[in-house]
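**Student:** need a 3D model of the sequence below.
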Amino acid sequence: MARLNPRELDVLNILWSSDREMTSTDIVNEMRGLTQSTVIAVLRKLTKDGFVEVAGVTHSGKVLSRTYRPTEESRDYIAQHFTEDYECFKNVISKSDMCAAILRVDDNPEKTKAEIAKLKGILADYEKNL
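**Tutor:** Take a look at the predicted model:
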């Protein structure tokens, strides 16, 4: 499967960051430089590829608009490509250093603590299965 282009990743990132389903207009309003026609084209492609799904229909002014949400497949895709990218650099940066760097990206201490707790569980399960 080919990699997603930067605009496709921008739209997916906006959808992942939202706690609600979004219309194309909502997405345009979230990021400068995106036009309605670009977002509609990107959503059409992402829907066709299974990375986004139509969540419903809502009124947007006087017209009906589709609302969209990302699929689990889109998260799996990103995880797969992240892993493939890490493969290229595994001799340069260790898994523990990579994990530490990723944890430093988030500036929300509560979210970071929750992630650390999840990681502890994952590592304990992984260690049991070795």
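**Student:** okay, now Val28: neighbour count?
**Tutor:** 20 (other C-beta atoms under 10 Å). From N, CA and C alone the C-beta is placed, and that goes for glycine too.
**Student:** OK, contacts around it?
**Tutor:** Val28 is in contact with 34-36, 39, counting by C-beta atoms under 8 Å, 6 or more residues apart in numbering.
**Student:** can I assume it sits in a strand?
**Tutor:** No - counting by DSSP: H, G, I helix; E, B strand; the rest coil, Val28 falls outside a strand, being helix.
**Student:** okay, it: pLDDT?
**Tutor:** Val28 carries a pLDDT score of 95 in this model.
**Student:** and the one 5 residues further on, by the same measure?
**Tutor:** Turning to Gly33, the model gives it a pLDDT of 88.
**Student:** one more: Gly121?
**Tutor:** The model's pLDDT for Gly121 equals 95.
**Student:** that one: what secondary structure?
**Tutor:** Following three-state DSSP, we place Gly121 in the helix state.
**Student:** re earlier: narrow the contacts of Val28 to those that are buried.
**Tutor:** For the contacts of Val28, a burial check counting by 16 or more other C-beta atoms under 10 Å picks out 34, 39.
**Student:** export the contacts of Val28 as JSON lines, with columns for secondary structure.
**Tutor:** Converted to JSON lines, the contacts of Val28 look like this (three-state DSSP):
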{"residue": "Leu34", "secondary structure": "coil"}
{"residue": "Thr35", "secondary structure": "coil"}
{"residue": "Gln36", "secondary structure": "helix"}
{"residue": "Val39", "secondary structure": "helix"}
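**Student:** reformat the contacts of Val28 as a markdown table; add distance to Asp97.
**Tutor:** Formatted as a markdown table, those follow (distance: C-beta to C-beta, whole Å):
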| residue | distance to Asp97 |
| --- | --- |
| Leu34 | 35 |
| Thr35 | 40 |
| Gln36 | 42 |
| Val39 | 37 |
